[in-house]
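In: pasting the sequence and the predicted model now:
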Amino acid sequence: MFRTSKIRITRLFPTNAVSSITNPNIYNKIPTTPTLMSLPPSTATTASSLCNLANDILTSPHYTRELIHRHFTTTNTTTTRRRRIDYSPIHSQRQDSFSTAPSSSSDNDDDEDYPERNASIRMNPKSISRDILPGNLTYKIDLRTEERRLVHVDRAHGHFWMLKELRDTNDKPILANDSLIPAESAQLIPPLRDLTRLTGQTVHFPDCLIRDADAAKSCTLVTISYKDYGFKLLPSWIDPFTAAFLQKPSNASLLQVAVTEGGMFRNLLKPLVLRGMKGNTPTEQHDSFLTYFGDTEDWRDRLRMHNTMTGYVILVDGFGRVRWM
């Protein structure tokens with residue numbers, strides 16, 4: 001009996017587990033392949049042009065107090081008028097909310113139907129994520145009866161649909177914006193509470209991204225990963241941004257967010273994972289490294305981050321608005 005227990009513990013905690021942790025998703029790690037481990041730059045936007053877009057924000061004209069007041073007044077009014085969508089997967093009225101299938105005429109066909117989502121995000125036409133509705137639901141057509149019904153995306157496309165999507169879209173389920181999203185139409189990053197810095201401080205989105213001074217000429221690069229696989233893709237974007245702005249005084253900053261969904265990590269492995277992260281992250285980066293343990297399905301849906309295998313990069317201005325993704 002003792003030997004059996006020891007074998008189980010060894011499988012759950014490998015001997016080099018603590019030393020190999022780079023983010024809280026190490027136990028979700030998948031075998032790496034040359035196709036998935038590369039991050040080919042977008043034909044329209046590369047890491048260098050991302051730095052150029054960030055520089056455009058940093059050198060933008062100052063907003064007057066009247067324009068800032070007008071912007072937030074308009075934003076608050078628009079948000080109040082938007083109809084609320086129930087994202088609960090067990091809500092009895094879900095079928096009524098998704099009674100019609102989205103058309104395929106543009107990259108973001110369902111933004112008008114689901115205004116909680118960021119309308120400026122460009123979905124890859126070849127991606128499975130493009131047709132996913134709130135609640136990770138999608139339409140599946142019965143080949144015999146041609147009946148169309150809503151099912152979970154795993155049931156419609158298989159459990160490994162994320163890997164298939166990365167292969168079909170050349171690792172880009174979301175296409176990078178060609179230019180900065182205009183400030184007038186840019187939306188606030190969705191709220192997410194109780195993120196924890198490695199220093200122990202608890203912060204919230206978008207509060208920690210909004211600057212009190214020089215907000216109009218400030219920006220933050222937010223990187224988001226859910227798996228160790230996606231975490232390893234992000235340095236291709238982080239390193240050029242760091243070299244351009246963070247090695248000298250500027251109003252640019254970097255926030256790395258590592259998200260772990262599921263109760264097991266939150267209740268059992270969270271202390272161990274946090275210790276490993278602190279040990280493998282330089283001390284000077286602890287304040288800019290955020291962790292979140294828990295479900296983020298609603299938050300991911302608003303930013304169209306349906307595929308948790310890859311990493312995401314978002315450029316946020318000093319008012320907390322998404323200006324590029």
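Out: On my side now, so go ahead. Numbers count the residues shown, from 1 in each chain.
In: all contacts plus neighbour counts: C-alpha atoms, from now on.
Out: Noted.
In: same question for the longest strand anywhere in the chain, mean pLDDT?
Out: Scanning the chain for the longest strand, with DSSP state E as the assignment, gives strand 252-260. Averaging pLDDT along strand 252-260 yields 94.
In: what's it in contact with?
Out: 23-25, 54, 58, 218-227, 231, 242, 245-246, 288-295 (C-alpha atoms under 8 Å, 6 or more residues apart in numbering).
In: of those, buried ones?
Out: 23-25, 54, 58, 218-227, 231, 242, 245, 289-293 (16 or more other C-alpha atoms under 10 Å).
In: Thr260 versus Ala278, what's the distance?
Out: Not quite, residue 278 is Lys, not Ala. From Lys278 across to Thr260, the span is 16 Å (C-alpha to C-alpha, to the nearest Å).
In: neighbour-wise, which of these two wins?
Out: Between Lys278 and Thr260, counted using other C-alpha atoms under 10 Å, Thr260 has the larger neighbour count: 24 against 18.
In: bridging residues for the more buried one?
Out: For Thr260, the beta-bridge partners under DSSP bridges are Phe293.
In: and the gap between it and Gln285?
Out: For Thr260 relative to Gln285 (C-alpha to C-alpha), the value is 19 Å.
In: then Ile128?
Out: 35 Å.
In: so which of the two has more stuff around it?
Out: More crowded of Ile128 and Gln285, by other C-alpha under 10 Å: Ile128, with 22 against 16.
In: now the more buried one: closest residue in space, sequence neighbours ignored.
Out: Glu165 (6.2 Å; C-alpha to C-alpha, 6 or more residues apart in numbering).
In: quick check: Ala54 is in a strand.
Out: No. Counting by DSSP: H, G, I helix; E, B strand; the rest coil, Ala54 falls outside a strand, being helix.
In: wait, it sits on Cys219?
Out: Yes. The pair Ala54 and Cys219 passes the contact test of C-alpha atoms under 8 Å, sitting 6.8 Å apart.
In: give me the common contacts of those two.
Out: Ala252, Leu315.
In: so Thr138 makes contact with Ala156?
Out: Yes. Taking C-alpha under 8 Å as the definition, Thr138 is a contact partner of Ala156 at 7.2 Å.
In: between the two, who's got more neighbours?
Out: The residue with more neighbours, out of Thr138 and Ala156, is Thr138; 25 against 15, by other C-alpha under 10 Å.
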